[in-house]
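Chemist: quick one: sequence plus predicted model below, questions after.
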Amino acid sequence: MPLLSVRDLHTRYAVGRQVLRAVDGVSFDVAGGETVGLVGESGCGKSTLGKTILRLVPSAEGAIVLDGADITRLRDGALAPHRRRMQMIFQDPFGSLNPRQTIRTVLDTALRVHRLGDRGERARRMSEIVARVGLPADSLDRYPHEFSGGQRQRIGIARALVLNPALIVCDEPVSALDVSIQAQILNLLVDLKRDLGLSYLFISHDLSVVRYFADRVLVMYLGRIVESASHATLWRDPRHPYTRALLAAVPSTDPARKRGAPPIKGELNTTDLPAGCRFSGRCPMAVERCRAEEPALRPVGEGHHAACHFA
Amino acid sequence: MSAPDLSNAAPPAVAALADVGNRAAPRKGRRLRAFVRNPTFVAGVAILGFFVLLALFAGVLCPGDPQDIVGAPVLWPGEDAEFPLGTDSLGRDVLGRLVYGARASLLVGISAAAIGLAIGMVVGSLAGFFGGWIDGLLTRLIELFQTTPTFLLVVVIVAIREPSLQTIALAIGLASWPTVARLVRAQFRSLRESDFVMAARSLGYSRTRIIVQEILPNALPPVIVAASVMIANAILTEAGLSFLNMRDPNVVSWGGMIGDGRDQLRTAWFLTALPGVAIAFAVLSLNLVGDGLNEILNPRSDQ
């Protein structure tokens, strides 16, 4: 049984009089101990998908199943025990910490809300977690503004870990950090996964980060998953023209390697979806059929799915 | 933003570059220095502090009932050493009345602001946090109160009940909460979407805990600024009411002194001018404090 199972999930926002389908029929699984990368450009709905799974934004349709329990429609009280099992690491290390709470307050409140341990046990757990994420031992009684961006992200990780979750949704956890700090935080996440057996849903627009990190990659375009494959397969044999365009846009460390496929043009239009394939307007391969008929996500190889008529 | 090609990087080597935080000065020390360095704030606090001391030690400074007739009527300031600021038309000590008047004005101002803040914060946080139909309903209520002229509303409430100090404070509080409510609502609307509130929700915190512990402390700075101006406005409103004779006859207030002195405006103008100056300085000091707090608590000037 997968740890997380998402079935035909929809999230809609009202934007003025229009309806923005941020997540539009997404299905995937995350197994225990697996890291699933979720890539796509800004505005494709990947953050919304992460927040919908964590029940931070309401879903319109579909099912979120965690550990075999359907949590899609649970009310606050019934949801609380499931909240412990999944946590989130945010992009912005400044906005994601309450500026008026010390690190001790942040961690202790979480433990107290879930009635985990007495005072001594909580204190032990907090110093353990602070050490585990690589913060200095005297961090607990300090405020977020006393830390650098990288250290704040470590605080965010400590907060996500304190309840001992099984799944962590990482929403662009390093994209707001300096490049040298990015590597440290990614290494920390890899270590934590290995030591604690965590599963990650790793959201990023940066393919090189996902490549380093993910076992399996989902490519998202305008609220839908257009390709899913193991990371080796995806890099070796991308089937969807959008995936190819994304891969072609990754800068190479080899100056001899020229860029391949032409990068796609234009920006996402999130409220006015075309008939047929959503990518047809920007696709270099689009033909008449693409504008009329929406391709389904279908198997194209061993554990490899793509939503393109030509895949 | 591009990341390094991490598949080739040797992670432990990079990790050796510790992200040593440039530790900022402790928040409290920095705040305190910001307060002391702000001349507007210091001036406001000095004047306000003077009035607060007057109010607290009125009994020590001027023993005896300020309502007692103690001398000849309408003595000018300096005319009699016993009454440095003269006496009014009934022969009551003007200095003593001014000192006791500080007590009444500050008391009404602070309690009215407290009532207004309490109602405004509850209504504003509920409307801003829950949104939807709750927000719609409460916003209509806010608008209903805001479209009614404040002073008229206060006059009506005081006219219905006895014009005691409590009624006046309650009436001003009931008429002034919409400003706070709008302010708090706007803060809550933006803060409820912030990442740290998302994090609190994902940790399974109850709504009450999120409102009280996560959002409210971060919504307070503009409310604190508004509070000082609310006290000032309440003092002015109370003075206006007293001038119109809607006052507690047993309590000396600055507005009441102006009202009493009105008949002697041409012959003994000091009877209206002195309490007028006191009101002006009290209101000015509260506005200075508000301005200073605004500069200090503004996040953009925080760094």
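Modeler: Looks like it arrived, so ask away.
Chemist: mind jotting down where the helices sit in the chain?
Modeler: If you meant another chain, say so; for now it's chain A. Counting by DSSP state H, one finds helices in chain A at the ranges A:46-53, A:76-83, A:103-113, A:119-132, A:149-161, A:179-196, A:207-213, A:231-236, A:241-248, A:288-292.
Chemist: please refer instead to chain B.
Modeler: B:11-15, B:27-37, B:39-56, B:58-61, B:94-130, B:132-147, B:150-160, B:165-191, B:195-202, B:207-209, B:216-243, B:254-261, B:270-297.
Chemist: export the helices of chain A to a markdown table and tack on distance to chain B and mean neighbour count?
Modeler: Placement of C-beta: from N, CA and C, glycine included. Shown next, in a markdown table, are the helices of chain A (distance: least, Cβ to the nearest Cβ, whole Å; neighbours: other Cβ atoms under 10 Å in any protein chain shown):
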| stretch | distance to chain B | mean neighbour count |
| --- | --- | --- |
| helix A:46-53 | 7 | 24 |
| helix A:76-83 | 4 | 15 |
| helix A:103-113 | 5 | 20 |
| helix A:119-132 | 14 | 15 |
| helix A:149-161 | 3 | 24 |
| helix A:179-196 | 4 | 18 |
| helix A:207-213 | 4 | 23 |
| helix A:231-236 | 10 | 17 |
| helix A:241-248 | 13 | 21 |
| helix A:288-292 | 31 | 14 |
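Chemist: if we can go back for a sec, of all the helices of chain B, which lies closest to residue A:19?
Modeler: With Cβ to Cβ as the criterion, residue A:19 lies closest to helix B:132-147 of the helices of chain B, at 17.3 Å.
Chemist: which of the helices of chain B has the lowest mean pLDDT?
Modeler: Here these differ in mean pLDDT, and the lowest is helix B:11-15 at a mean of 38.
Chemist: run a quick neighbour tally on the residue of the stretch 201-303 of chain B found nearest chain A.
Modeler: In the stretch 201-303 of chain B, the residue that lies nearest chain A is residue B:204 (3.7 Å; Cβ to the nearest Cβ). For residue B:204, the tally of surrounding residues (other Cβ atoms under 10 Å in any protein chain shown) stands at 19.
Chemist: what about residue A:223, distance to chain B?
Modeler: From residue A:223 across to chain B, the span is 20 Å (Cβ to the nearest Cβ, to the nearest Å).
Chemist: state the number of residues packed around that residue.
Modeler: Residues near residue A:223, counting by other Cβ under 10 Å: 27.
Chemist: so what's it up against?
Modeler: By Cβ atoms under 8 Å, 6 or more residues apart in numbering or on different chains, the residues touching residue A:223 are A:21-26, A:44-45, A:270, A:278.
Chemist: so can I have TSV of the residues you listed showing pLDDT?
Modeler: Formatted as TSV, the contacts of residue A:223 follow (pLDDT from 0 to 100):
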residue	pLDDT
A:21	86
A:22	89
A:23	91
A:24	89
A:25	90
A:26	92
A:44	86
A:45	88
A:270	66
A:278	86
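Chemist: which of these sits closest to chain B?
Modeler: residue A:22 (14.5 Å).
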